[in-house]
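>>> kindly return the folded structure for what I paste below:
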Amino acid sequence: MDLFSNRADEIIARSAPLAARMRPRTLDEVVGQEPLLKQGAAFRRVVESGRPVSMLLWGPPGTGKTTLARLIARYADAEFVTLSATSAGVKDVREVLAGARERLATEERKTVLFIDEIHRFSKSQQDALLPGVEDGVIVLIGATTENPYFEVNSPLMSRMTLFRTESLSTEDVAEVVRRALADGERGLGSEALSMSDEVLEFLVNRVGGDARHTLNTLEVAATLATGRESGDIETVDVEEALQRRIVRYDKKGDQHYDVISAFIKSVRGSDVDASLYWLHLMLGAGEDPEFIARRLIVLAAEDIGLADPNALLQATAAGQALAYVGLPEAEFHLTQATIYCALAPKSDSIKRAMGSVKRLIEDGPAPSVPLHLRGTGYRGAEKLGHGVDYEYSHDHDQHVVAQQYFPDGIEPTSIYEPTDQGRESGFKERLAWLDEIFDRKRSS
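Got it, this is the predicted structure:
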């Protein structure tokens, strides 16, 4: 029976996802998390002692919280039990505690209970864990991506030691990829796949320091490369593996999209007469007036923006008037908003700023909020170093103070570039004044 069981375990292990197969088996195999795992660190000493304590692992997804919990159990030769925070109830908690108590009495073996996303446990579920933690029947390892000072009950929090995991650096992520490509036993080494430095850099810059996401992406990209009968994983494979599903809504026909496109482009192009033509063609054809109002509201920010902030007020007011009075009377309000937006000075600086900041986020390293900018409005924040050395703007002349506002590891970058159009020219002048205070230069 044991032979059949072992054979089944081997088959399951081989068919498991790459991220599961490459899970570290020792502390030395763990990539990253140096503050926790360096020689002499408190966390490492606790794990290697084989006498673990109940703890909370707090950090972003894919930073190894589950792996660390499994290693804690392995080093302690303890039974590893998991509960789902989304499906387990108080009854399940009590059953685990009863089983752990029996195991301790009959086998003299501890139980490590791992609860991922423990912040999803209700107060009653968290309270049910307290007896087992207090009397040592279980070693509770809770993992959370949320601030535990907000999400975990104070009585349970006080009985657990808090450790933080951080997003992996790009170098760490690259090492995860290299190991998976080279490992012939658990990874992709037997498939003789390769990845250039350029493709590797492309991948590691887009996974946000998440090892699990990295390996899942790598596995799909490897499958795509193999499907092309190629031994090289290329950028196109990684791009395809990273693709997100595009959500589409039901179409009413080409005319619906063509005419609204003509309307928006006419308003954007400041041709007020063509704008009115397309507007009333749609209204006369029975187009949904709320759809038109929504498109005007979007245009007011996307194509006019801060060149005339009142355009957004006009478009929004037209939408509200439509809700109040309906058609046909609301044709007046939609017409007024269309005329105003068509004649307003145009600026796409908001759209360009959005594109710039999204590229910075997607292509840059995983952000880390500087300690002095982190929230301080809860118990324990000061112990974490939050808010230390923050300078309050209103304590300074002109209510402006130069200090670090960008995330750690990201250089201050020009994102918003105002135009000379309409009222936005005033924003351009103020931004130039602020740049002098912050000692920075615009990219343009």
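>>> what's around residue 55, how many residues?
Close neighbours of residue 55, defined as other C-beta atoms under 10 Å, add up to 21. Quick note: C-beta positions are derived from backbone N, CA and C, even for glycine.
>>> need the contact list for it.
Residues near residue 55 by C-beta atoms under 8 Å, 6 or more residues apart in numbering: 46, 140-142, 160-163.
>>> can you put those residues in TSV and add distance to residue 405 and neighbour count?
TSV is the format used below for the contacts of residue 55 (distance: C-beta to C-beta, whole Å; neighbours: other C-beta atoms under 10 Å):
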residue	distance to residue 405	neighbour count
46	37	19
140	38	23
141	36	28
142	33	29
160	33	20
161	32	13
162	27	17
163	28	20
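>>> list the buried residues in stretch 286-300.
Going by neighbour count (16 or more other C-beta atoms under 10 Å), the buried part of stretch 286-300 is 287, 289, 292-293, 295-297, 299-300.
>>> I meant stretch 418-435, not that one.
418-419, 421-424, 427-428.
>>> now do the strands in the stretch 201-350 of the chain.
232-233 (DSSP state E, counting those that start in this stretch).
>>> tell me, how many residues neighbour the residue nearest to residue 347 when sequence neighbours are not counted?
Ranked by C-beta to C-beta, 6 or more residues apart in numbering and with sequence neighbours excluded, the top spatial neighbour of residue 347 is residue 307, at 3.7 Å. The number of residues packed near residue 307 is 23, by other C-beta under 10 Å.
>>> dump the residue contacts of residue 307.
Going by C-beta under 8 Å, 6+ apart, residue 307 touches 344-347, 349, 419, 421-424.
>>> one more time with 10 Å, if that's ok
Residues near residue 307 by C-beta atoms under 10 Å, 6 or more residues apart in numbering: 344-350, 418-425, 427.
>>> for residue 423, see how far away it is.
6 Å (C-beta to C-beta, to the nearest Å).
>>> what of residue 42?
Distance from residue 42 to residue 423, counting by C-beta to C-beta: 56 Å.
>>> likewise residue 50?
When residue 50 is compared with residue 423 (using C-beta to C-beta), they lie 68 Å apart.
>>> okay, domains of the chain per the record?
Under the assignment automatic domain parsing, the domains of the chain span 33-164, 170-242, 254-343, 358-438.
>>> and the ones you listed as a markdown table, adding mean pLDDT and distance to residue 23?
As requested, the domains of the chain are exported to a markdown table (pLDDT from 0 to 100; distance: least, C-beta to C-beta, whole Å):
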| stretch | mean pLDDT | distance to residue 23 |
| --- | --- | --- |
| domain 33-164 | 90 | 5 |
| domain 170-242 | 90 | 9 |
| domain 254-343 | 88 | 45 |
| domain 358-438 | 80 | 21 |
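>>> in TSV, list the ones you listed along with distance to residue 22.
Output for these, formatted as TSV (distance: least, C-beta to C-beta, whole Å):
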stretch	distance to residue 22
domain 33-164	10
domain 170-242	5
domain 254-343	44
domain 358-438	20
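>>> for residue 16, find the nearest of those.
Distance to residue 16, taken as C-beta to C-beta, is lowest for domain 170-242 among these, at 9.1 Å.
>>> quick check: end-to-end length of the closest one?
17 Å (C-alpha to C-alpha, to the nearest Å).
>>> can you offset everything so residue one is 8?
Sure, I'll start numbering at 8, so the last one becomes domain 177-249.
>>> how far does it sit from the chain's center?
Offset of domain 177-249 from its chain centre (C-alpha atoms, centre = their mean, to the nearest Å): 21 Å.
>>> pull the number of nearby residues for residue 217.
Applying other C-beta under 10 Å, we find 19 residues neighbouring residue 217.
>>> for it, which residues are in contact?
Going by C-beta under 10 Å, 6+ apart, residue 217 touches 67-70, 174-175, 180, 183, 223-224, 373.
>>> so residue 356 touches residue 423, yeah?
Yes. Residue 356 is within contact range of residue 423, at 6.5 Å (criterion: C-beta atoms under 10 Å).
>>> joint contacts of those two?
Counting by C-beta under 10 Å, 6+ apart, the residues touching both residue 356 and residue 423 are 313, 434-435.
>>> any chance of these in TSV, with distance to residue 388 too?
As requested, those are exported to TSV (distance: C-beta to C-beta, whole Å):
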residue	distance to residue 388
313	35
434	34
435	38
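>>> that's all I had, so thanks and see you.
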